[in-house]
Structures are given as structure tokens and as C-alpha cells.
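[1] What shape does this take:
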Amino acid sequence: MAAHLLELQGVTHQYGSGSRRFTAIEDINLTMGEGEFVALLGPSGCGKSTLLRIITGLIRPTHGQMLYHGAPLTGVNPRATMVFQTFALFPWLTVQQNVETALKARGIPPEQRAAQAVDLLDMVGLDGFETAFPRELSGGMRQKVGFARALAVEPELLCLDEAFSALDVLSADSLRGELLELWIDNRIPTKAILMVTHNIEEAILMADRVIVMDKQPGRVIADQPVSLERPRARKSPQFLNVLDQVYATLAGQTQPEHIELGVAPGEAGRTRALPGVSPSELAGFLEFLDEMPNDRIDVYRLEQELNLGTGQVLLLTEAAELLSFATIASGDIALTPLGETFAAAGILARKEIFATRIRRMPMFKWLLAMLSAAERGQLDRDVVRLALELEFSPDEASQQVDRAIQWGRYAELLAYDDNTETIYQESAVPVAG
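    Sure thing, here's the model as predicted:
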């Protein structure tokens with residue numbers, strides 16, 4: 001393997017300004033060499049896409065530097081290209097014309113573009129569809145056009161930003177296999193591939209290294225080599241062993257309650273975000289765990305058992321852990337006695353248990369204290385959102401308000417008027433005249 005193709009040195013990136021500055025990624029140190037297929041893996045909001053945009057030169061880091069072939073990168077990296085989750089094709093152009101736009105940008109003469117575009121489409125399996133329009137193609141075929149257009153610039157570094165996530169399962173599997181075939185057989189000029197994904201199985205299936213990230217702020221927590229021979233069998237003991245290791249890294253291990261719960265907004269330390277699951281989803285998850293024959297279950301097995309994606313499984317385990325309904329250790333999850341009680345309880349008892357647990361959370365202590373101090377025990381939703389923007393990105397702050405309202409309503413601690421966008425203490429709901 002040659003010297004480093006790229007190197008990130010202490011890279012931090014922040015959005016916003018002044019008191020509303022949000023740290024997306026913090027102190028990232030990462031190297032990547034020629035001949036490597038690397039996956040950036042982590043939950044939504046951990047800064048994977050931000051990191052990819054820094055590497056391609058679309059944005060500059062707030063702190064630290066990005067080196068390419070040992071030199072600081074200034075401006076857009078001309079030797080890198082990106083394939084996005086959305087197909088991003090020009091709907092008024094044919095398949096061939098879409099590919100030719102990339103060749104035109106390279107300054108290829110018109111008489112050469114057609115032949116090269118046809119060769120590229122043949123390489124990705126779209127021979128015969130040159131004159132078709134994007135609307136005539138399936139999702140998988142449209143993404144193949146995106147790959148052909150990206151490869152038209154002969155990139156040294158090919159970056160994939162959730163490139164398979166918008167496809168159905170069969171189309172995604174087919175396209176992954178075809179890309180790996182092109183890469184392994186050296187049929188493309190690309191020297192390295194960097195893939196952003198939240199799908200653990202996809203990362204292990206394709207990459208030589210899996211860089212595992214966590215959020216709040218985005219940071220690297222593990223660099224997992226994948227030394228399995230290709231083609232990789234998903235059901236082999238070796239594959240499942242690596243899968244278990246990566247899941248264990250992402251799921252972490254249950255910490256003492258004061259660490260798990262974090263701090264209230266505005267206090268020094270990490271404000272713990274509310275996971276993006278509803279109380280009913282969590283209840284169903286705990287019921288499922290309670291019905292399992294074993295006390296502990298590998299977290300990675302839940303994806304198949306529940307027919308859920310990686311991200312949703314991790315959110316469910318995080319919520320169960322946060323509320324002390326389950327503990328996680330060495331990649332296994334087990335219900336606590338409280339979790340077993342909740343799973344077996346009736347509707348009203350569940351609400352009481354849930355209310356007792358979230359009252360202990362700094363986020364809810366803070367929100368309930370604000371409501372108690374507010375006039376008539378009510379606050380505009382935007383007031384709470386703006387306060388949370390000191391801790392989270394604007395989008396995440398808005399989502400956190402929605403989740404707090406949903407959890408608080410279920411626990412009968414909060415009420416919400418959607419017409420006026422007002423949050424109330426349950427005991428302070430105005431009585432209709």
C-alpha cells in the first residue's frame with residue numbers, strides 16, 4: 001500500500017456563530033491510503049456527511065487541516081467525486097447525455113464524449129439504455145447512471161454518501177456487488193473508495209476498514225479492520241463475529257446513571273439527546289425482549305429478528321438503556337427488573353413507570369422547571385427550541401422538542417396545543433370556555 005492518500009489532522013467543524021455555534025465533528029484524526037476501501041459508519045447526526053464534504057473540499061474545517069497527497073487541500077478536490085443518496089440526474093436529458101455532462105466538464109471534445117459515455121454505461125450494465133430518460137428507469141438503474149457519471153471524471157478518490165440507502169433491498173445488493181466487481185478487478189481508475197453509511201452489514205460486506213463514529217459531537221471511536229476474504233458470506237461465523245464487534249462498539253456499555261443521563265441544557269457537560277423512538281415503539285421492543293427465551297441477546301441479531309434497520313435498532317437499545325429498562329455489555333442487551341416490570345404492566349402502570357423515569361432525566365427536569373417558572377405554566381414551542389439550539393443543531397433541536405412533547409404527553413406530564421404551538425404542564429392545560 002502506498003503512502004497516505006489523505007490525512008485529517010485534528011479536524012473540527014462547527015456550524016452557526018456566536019452562542020449558537022454547534023460542533024458537528026471534533027478532533028478527527030484519520031488517514032487513508034491508496035488501494036483502501038474505507039467505510040465511515042455511525043448513527044444519524046454523527047457528522048459522517050460533514051466529514052465527507054471536508055475530504056472532497058466542499059467545505060473547509062473550522063479547525064485542523066485536511067491533507068491530500070501530503071499537501072493542504074484548498075478548494076474543491078479535483079481528484080475526488082461523490083455519489084449521493086439521491087440520484088441527482090437531469091430529468092430532461094437522456095441517460096447518455098447525463099453521463100456526457102461530466103465528460104463535458106472535463107473538457108472532452110464532443111466527438112469523443114459519445115463513445116466514452118457508451119463505454120461507461122456498458123461498464124455499469126446499462127448498455128441499451130443510452131436513449132432512455134431517467135423516469136423510465138428503476139431506482140437501481142438511475143443510481144447506476146450516477147455511478148457512471150461519477151466515474152466519467154476518472155476520480156482518484158470515489159466518495160459514496162449513503163449511495164445505496166434509497167434503493168430497495170435487491171437493487172442495493174445488486175449494485176453493491178457490481179461496484180465491488182469493478183473495484184476488485186481494477187476496471188475503474190479509482191485508487192480509493194470512501195463510503196458513508198449507517199448500515200453495519202453493508203460496511204463489513206464492502207470495506208477493508210470500518211471507521212466507527214459517535215455523535216454529540218461527532219468523533220471517531222474505533223478503527224476496525226475487516227480482513228475477511230471476498231466474496232464475503234454474511235452468515236459465516238467470521239462475518240458475524242466482526243458484525244458483533246462493530247455492534248458492540250456502537251451500542252457501547254451501560255454506564256452509571258449520572259453518566260448515562262448527562263446534564264441539563266446550559267450546564268457544563270453533555271446534554272443527552274432523546275432517542276428518536278416513540279413510547280409505543282419502545283414498549284413493543286421491551287415486550288419482544290421479555291418474550292425471548294434467553295436473558296441476553298446479541299444486539300446485532302435484533303436487526304433480523306425485528307426486521308429493522310441498523311439505526312432504528314440502535315435507537316431502541318439506546319432508549320431502553322437511557323430509561324434503565326435494559327443494560328448493554330459486550331454487544332448483548334438484557335432487560336433489567338424494571339424493564340421486565342414495564343413489559344408485563346398494563347397501560348396505566350406503564351405510564352406511571354415511564355413518568356417516574358423521565359422525571360429523573362436532566363432534559364425533562366429542565367423543561368418542567370421552565371414551565372413551572374413560566375406565566376400560566378406554558379411556553380411557546382419556539383422558546384424551547386431556541387434554548388436547545390445552544391446544545392444541538394437547529395434541525396436536531398426541533399426534533400428534540402417534538403420528542404420531549406411526545407414522551408411528556410405519554411407520561412401525562414406535558415400537554416401541547418398544536419394550533420398555538422404552546423407547551424403546557426399537564427396540570428396547567430387551559431379549560432375551554
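
[2] what helix or strand does Phe239 sit in?
    Take DSSP states H and E as the rule and Phe239 turns out to sit in helix 237-251.

[3] buried ones in that helix?
    For helix 237-251, the neighbour count (16 or more other C-beta atoms under 10 Å) marks 239-240, 242-251 as buried. Where C-beta positions appear, they are placed from N, C-alpha and C, glycine not excepted.

[4] Could I get the full set of strands for the stretch 251-400 of the chain?
    296-298, 326-329, 332-335, 378-380 (DSSP state E, counting those that start in this stretch).

[5] got the CA positions of the second one in CSV?
    What follows is strand 326-329 as a C-alpha-only set of coordinates in CSV (Å, rounded to 0.1, in the frame of the first residue of the first chain):
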residue,chain,number,x,y,z
ALA,A,326,-32.2,-2.6,29.8
THR,A,327,-28.4,-2.9,30.2
ILE,A,328,-25.9,-3.4,27.4
ALA,A,329,-22.5,-5.1,27.8
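
[6] Name the residues that touch it?
    For strand 326-329, the external contacting residues (C-beta atoms under 8 Å, 6 or more residues apart in numbering) are 251-254, 286, 289, 299, 317, 320-321, 333-336, 339.

[7] One more pass at 6 Å, please.
    Defining contact as C-beta atoms under 6 Å, 6 or more residues apart in numbering, one finds that strand 326-329 is touched by 251, 253-254, 320-321, 333-335, 339.

[8] Please check these and keep the buried ones.
    251, 254, 320-321, 333-335, 339.

[9] Closest to Pro61 out of those residues?
    Ala251 (28.9 Å; C-beta to C-beta).

[10] Can you give me every residue that contacts Cys159?
    By C-beta under 6 Å, 6+ apart, the neighbours of Cys159 are 52, 56, 82, 194.

[11] how about the helix or strand hosting the first one as CSV, C-alpha atoms only?
    The secondary structure element spanning Leu52 is helix 48-55 (assigned by DSSP H and E). Extracted as CSV, the C-alpha positions of helix 48-55 are listed here (Å, rounded to 0.1, in the frame of the first residue of the first chain):
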residue,chain,number,x,y,z
LYS,A,48,-20.3,11.5,8.6
SER,A,49,-21.5,13.6,5.7
THR,A,50,-19.8,16.7,7.1
LEU,A,51,-16.5,14.8,7.2
LEU,A,52,-17.1,13.6,3.6
ARG,A,53,-17.6,17.2,2.4
ILE,A,54,-14.4,18.3,4.1
ILE,A,55,-12.5,15.5,2.4
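
[12] after that helix comes which helix or strand?
    strand 63-68.

[13] Buried residues, that following strand. List them.
    So strand 63-68, judged by 16+ other C-beta under 10 Å, has buried residues 64, 66, 68.

[14] same question, stretch 265-275
    265, 271-275.

[15] Could you do stretch 190-199 as well?
    190-199.

[16] And stretch 400-409, by the same measure?
    Buried residues in stretch 400-409 (16+ other C-beta under 10 Å): 400-401, 403-408.

[17] what does stretch 292-299 give?
    296-299.

[18] contact partners of stretch 116-125?
    96, 99-100, 103, 144, 147-148, 152.

[19] okay, that stretch in CSV with CA atoms only?
    Backbone C-alpha positions of stretch 116-125 (Å, rounded to 0.1, in the frame of the first residue of the first chain) are rendered in CSV as follows:
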residue,chain,number,x,y,z
GLN,A,116,-16.8,7.3,-23.8
ALA,A,117,-20.3,7.7,-22.3
VAL,A,118,-21.4,4.5,-24.1
ASP,A,119,-18.3,2.6,-22.7
LEU,A,120,-19.1,3.8,-19.2
LEU,A,121,-22.7,2.8,-19.4
ASP,A,122,-21.7,-0.6,-20.7
MET,A,123,-19.3,-1.0,-17.8
VAL,A,124,-22.1,-0.4,-15.2
GLY,A,125,-24.5,-2.7,-17.1
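
[20] Buried residues, it. List them.
    116-118, 120-121, 123-125.

[21] chain center to it, what's the gap?
    How far stretch 116-125 lies from its chain's middle: 32 Å, per C-alpha atoms, centre = their mean, to the nearest Å.

[22] what is the mean pLDDT for stretch 109-122?
    Mean per-residue pLDDT for stretch 109-122: 86.

[23] One more: stretch 407-419?
    Rounded mean pLDDT across stretch 407-419 is 94.

[24] try stretch 33-44
    90.

[25] Tell me the buried residues in it?
    Quick answer for stretch 33-44 (16+ other C-beta under 10 Å): 33-34, 36-43.

[26] where does the nearest residue to Gln97 once chain neighbours are set aside fall, phi/psi-wise?
    Leaving aside its chain neighbours, Gln97 sits nearest to Phe90 (7.6 Å; criterion: C-beta to C-beta, 6 or more residues apart in numbering). Per-residue torsions, Phe90: phi -80, psi 110 (degrees, to the nearest 10).

[27] nearest to Arg60, of the buried residues of stretch 116-125?
    Leu120 (31.5 Å).

[28] May I have stretch 169-179 as PDB, with CA atoms only?
    Output of stretch 169-179 as PDB, limited to C-alpha atoms (Å, rounded to 0.1, in the frame of the first residue of the first chain):
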ATOM      1  CA  VAL A 169     -33.000  -4.400  -0.800                       C
ATOM      2  CA  LEU A 170     -32.500  -6.400  -4.000                       C
ATOM      3  CA  SER A 171     -31.400  -3.400  -6.100                       C
ATOM      4  CA  ALA A 172     -29.000  -2.300  -3.400                       C
ATOM      5  CA  ASP A 173     -27.400  -5.800  -3.100                       C
ATOM      6  CA  SER A 174     -27.000  -6.000  -6.900                       C
ATOM      7  CA  LEU A 175     -25.400  -2.500  -7.100                       C
ATOM      8  CA  ARG A 176     -23.000  -3.200  -4.200                       C
ATOM      9  CA  GLY A 177     -21.900  -6.400  -5.900                       C
ATOM     10  CA  GLU A 178     -21.300  -4.700  -9.200                       C
ATOM     11  CA  LEU A 179     -19.300  -1.900  -7.700                       C
END
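
[29] Please tell me how far it is from the chain's geometric centre.
    For stretch 169-179, the distance to the chain centre is 20 Å (C-alpha atoms, centre = their mean).

[30] neighbouring contacts of it?
    Counting by C-beta under 6 Å, 6+ apart, 139-140, 164 sit against stretch 169-179.

[31] and if we set it to 10 Å?
    37, 83, 123-125, 138-144, 147, 151, 158, 160, 163-168, 188, 193, 195, 199, 202, 205-206, 231 (C-beta atoms under 10 Å, 6 or more residues apart in numbering).
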